[in-house]
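Student: the amino acid sequence is not available; the structure is as follows:
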């Protein structure tokens, strides 16, 4: 073969190899295979056959619902010390545990939680891209023979390196298998079956919910993991929540899976008819007739401007680490903003997430008093995050991130499209000024406000929580809670308010015939480990006080004076907001001064909120004592992340933020954590029936003398040339 | 000519005629002509030559800035009883006044305000489209020889039908001519010139502002219309606000146009350098380098879905009347929402607008104590509304509405692009629910939230107020205030906080070398004439109170109980908000019950706000006593629309909402007006320099048992086919 022919042969061989190579890596996956492991899309709870196992050669496993995300999680490897556990790591943890003496000897156990055990903060802060990854560990919560175990599994040494039991009261977050398993229990009970039949309800029409039972210090609660089950009829509607079987409550032992007692006292209450309660578009009789507006869409002709590399998000002047968590939902870590003066990335938040929720219903009667949900610690806020609808939950150009969580036997499963990331423009204004004609300067300068939104929607049974983290180019971070979904309602004999005797109190609003929307509160408590330009920060209350002028000082009798108080210890930072005793709340770095000598800081700016008014000695309030103040500041402590305690389920309130804060530790110029609670009082109204228009509230973290000047002073306005050329799809 | 040729001739003639006709109507207008009467775009204040005169044949008069609006106002005729005065009507009023004895005999007078005198509410409510228009009247405020006159001009009979003087303390809203005229006064004063020269400032570099002087009960204020003038240097920056000539205040008699006294005591304070204060994009040195994100745009491939017919706006399930007003800015009237059950348009608001603002600065020293602006009643909130930037103040598809106002001699002029109307979609969710896997129902239903925004941006000298009314399809109305623009700052000798002695209080924050941002409040008070299904309404405070359970009643110790209190008289509805004594605030129609017997209502939902803490006896607070409570309810009274009084300028506080409300009139089942104040405490920070990122707050009017159920239950989701196909403009 001469050299020319050899070259031809080489080129040909290479081409063939290339084609084969490309084909190999782009082989279409079989639909069968495809749907195997996406539990959210294709099944109720994942059964074991649908879970990721330790494949030596992982198959293609995920069907993309209809949008952008077709990430293959089998190939995931961690790149950052905070990256969540990968499929391989989950499988490794499972393998290590299976050989551990604790589990080897036991025939049945539940792994309630397996998540990354984050490396020490100090190590994470020192770590830089390119450095070797820090040793990977998993934090495991397990239940075994009635005992809760907290273990740390070292994925380098393949060993359990710590193992603790009986630290605090309460039980771990329920697993999804447990929640599902409980629901079968009443059906095996004769009394339950009889009661249903007596009400003339077909057993096949019933849908039941596992309702966390709270803790009230009664003997039946001692050393027993309890849950209550209440049921609904789904006859004629998908919205069974509007058809409660009122008065029937089954108390179940969660570990033994047996009925303890049945309370049955609502026989006289007729089943609501559920007319017009189905909210699915497909069953509406007026399809299309109620289109109230023409299509409108957020368009980015040059594509989105964020980049997501693994779990690292970069957008505009922001960078942060984003990960799904089974308990918290979204975890934002190491949020940093670029200073336009120095081009330096400056730290704002080390870690921020929804630490706990508290949703007490305001009805002390038998079937209702215990409804005092703590959704993160009881049900898992992330576990309840449903796949987002790619055209309606988020705009078209959103990026979707999946969660990979462990099921109760340790096998990983996919929570697909759990978080979306998108840029938003509502037509709002980032800053503006027009010179008024008086000054004879012809100036109008306006900048559009574009933000980056990170969103999750958790449907904790009936309620939907839309959780947003919003980043603005001016350095502001907004955390927003949107409430939608379906009310928890109570059956009643009344059809109309005119039947209700004047002195009778309904504990809520008559929403429909035989349906009362019971009054309740929502509290969402955020953990905000602020690191303003470093970990050592102080909390400053800038109190705004009326100052009277002295005789002859001024024609004014009074003015408002800002008085700065640096909090020395935790109790200085237990704060109840007050309209008539207002303050600003700054987290500052006392060692980092601006050019003008002001300490670099961020302030917490509350939005509309509500405070819990329950008695502090009321058991639910004791367990949710983290809502006793709106703001708290604690010194950083790795073990103090869950405001209601590590084990919230049936907790007695011995491990709450209130308990920690009462130790009154020093917090000045320390690594501190800021806590803020958004509250809502919800008196339902008929408009909330059969599905609630979203109600939202938010708070802001806003730079305050952090930047030397407005960081978006030099941002350009919109120009005509920036805007896209669009046409309606059907005109193509 | 045979018939064929005749036909050819006809066709040809017709074609030529058509071409001529088209050419005639589309002749490009001369730029000269074009710009003649748009005062906002092409000149400082309008001088008399730029105003609309009584043309018998009006010329083309308006140059469209770059967008949609090219309405010819000369042809305007009123179609609705609430439509603002037209150019012809303004000219008629002017003609009628010029022959009136009062003005005929006087050589100089000022017409401070000419607006439509709205017909009696009863007549407006009875009026229907197609009915003859109600008689047109103008309400005129004039100043003449030191006396303020309130007149009503009947445009049917061409007569002045009412004429009153000396009703209350204070003076009318300044005219723009007056504001401008004042600024020349100091320059004719030797002492002022000397002081400027002594400071080494070039007279040509100076920009001055007319600062309302408040009222403090001193002899110099008696029977004199006063204003204070302070000046700035515009050397090297368009942002002269950041270069105050500190300590120099000129007290001017506004009627006599003469200097009364000069206070001059800041000679030691150096002029701030103003470096990096210019915010214009054209002068930034980093053009383009700081583009933080790719273009993003709200696109509506089928066009906007609202219709605007004169001043009537129809969008989705809403209809309302919208008009510009020189004092209030935006007036929303007869806002009605369609009930999907009955298809009936139901009344929500008869009239809503920004009644007054109060902006007290918190510095009691000589050059600052009097800065306690009441922007609507002193400067005219609508008069200060600048033309909106069509690509940045509002999205591309916005509709723009002009204001036509009267200048101080009565001639109408154009306030172009004063209000915009657009649909907004931020990626938010109107309602959603996902069934969680536990129930084994595969349901995810989500509806995108699209709203209609009505916006104005008023630049009252330094500050910019972005005023939004936002309408939601679920029946909610949100009123939002955005604050941007430029701070009012104070010169100081300090360069850095390390120079400030510990005990010295600066009244604000050191923002830049030699510049303090002085602490201040903003209060914006809304007039909300609610007409829920008719005029006779009641105000119900639904108080949320802790209720302790009795012994043995429940394992719970407490719950929250909603206690309804119908306000009988005005004092029952003087409300200070409290986080720990919360209430809902409903306006209901006691005669209109829902299907279930709940009274039809809307509730006021406050957002984040602030309360005035100034001493009630402090003169500024007395004048702004409408901020003593956050909520008030008064019986409808045509003369009680301006919360600070008809004549706010130098008022003594004898005509405020507080004074009216203290009469404690019955308000149950009456035509009532709800008042709400949004407040802000503003401690400036360096990020506000040299131009402030927008800070906003809002309140909602939300249906509460107004609809029988969620009114957008049947709204469709977004479908893929609804979304447009877009490409970047430069790819065309």
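Tutor: Noted; the coordinates are in hand. All figures in this text were calculated on a predicted structure; none of them were measured in a lab. Numbering: from 1, shown residues only, chains lettered A, B, ... in the order given.
Student: these two touch, right, residue A:466 and residue B:431?
Tutor: No - Residue A:466 is beyond contact range of residue B:431, at 10.0 Å (criterion: CB atoms under 8 Å). Quick note: C-beta positions are derived from backbone N, CA and C, even for glycine.
Student: quickly list what's touching both of those two.
Tutor: Both residue A:466 and residue B:431 are contacted by A:484, A:694, under the criterion CB atoms under 8 Å, 6 or more residues apart in numbering or on different chains.
Student: which one of these two has more residues nearby?
Tutor: Set residue A:466 next to residue B:431 and count neighbours by other CB atoms under 10 Å in any protein chain shown: residue B:431 wins out with 25 against 22.
Student: doesn't residue A:689 make contact with that one?
Tutor: No - contact criterion CB under 8 Å: residue B:431 and residue A:689 do not qualify, at 11.6 Å.
Student: contacting residues for residue A:276?
Tutor: Counting by CB under 8 Å, 6+ apart, residue A:276 has contacts A:690, B:709, B:713.
Student: out of those, which sit inside helices?
Tutor: Of these, none are assigned to helices by DSSP state H.
Student: am I right that residue A:664 is in a helix?
Tutor: No - counting by DSSP: H, G, I helix; E, B strand; the rest coil, residue A:664 is not part of a helix but coil.
Student: and it, what are its phi and psi?
Tutor: Phi and psi for residue A:664, reported as degrees, to the nearest 10, are phi 60, psi 50.
Student: residue contacts, it?
Tutor: Contacts of residue A:664 by CB under 8 Å, 6+ apart are A:569, A:570, A:571.
Student: let's see that with 10 Å instead.
Tutor: Residues in contact with residue A:664 (CB atoms under 10 Å, 6 or more residues apart in numbering or on different chains) are A:568, A:569, A:570, A:571, A:572, A:573, A:574.
Student: how many neighbours does the fourth one have?
Tutor: Taking other CB under 10 Å as the criterion, the count of residues near residue A:571 is 15.
Student: how near is residue A:248 to residue A:261?
Tutor: 12 Å (CB to CB, to the nearest Å).
Student: ok, those two, which is more surrounded?
Tutor: Neighbour count, other CB under 10 Å: between residue A:248 and residue A:261, residue A:248 has more, with 25 against 11.
Student: surely residue A:180 is in a helix?
Tutor: Yes - with three-state DSSP as the criterion, residue A:180 is part of a helix.
Student: hmm, it is touching residue A:227, no?
Tutor: No - applying CB atoms under 10 Å as the test, residue A:180 and residue A:227 come out as separate, 11.8 Å apart.
Student: tell me, what's touching these two both at once?
Tutor: By CB under 10 Å, 6+ apart, the residues touching both residue A:180 and residue A:227 are A:174, A:210.
Student: residue contacts, the residue nearest in space to the middle of chain A?
Tutor: The centroid of chain A falls nearest to residue A:329 when counting by CA atoms, centre = their mean (3.6 Å). Remark: with contacts taken as CB under 10 Å, 6+ apart, residue A:329 is in contact with A:353-354, A:375-376, A:380-385, A:403, A:418-419, A:456-458, A:465, A:467.
Student: how about a cut-off of 6 Å?
Tutor: The contact partners of residue A:329, by CB atoms under 6 Å, 6 or more residues apart in numbering or on different chains, come to A:354, A:381, A:382, A:385, A:456, A:458, A:467.
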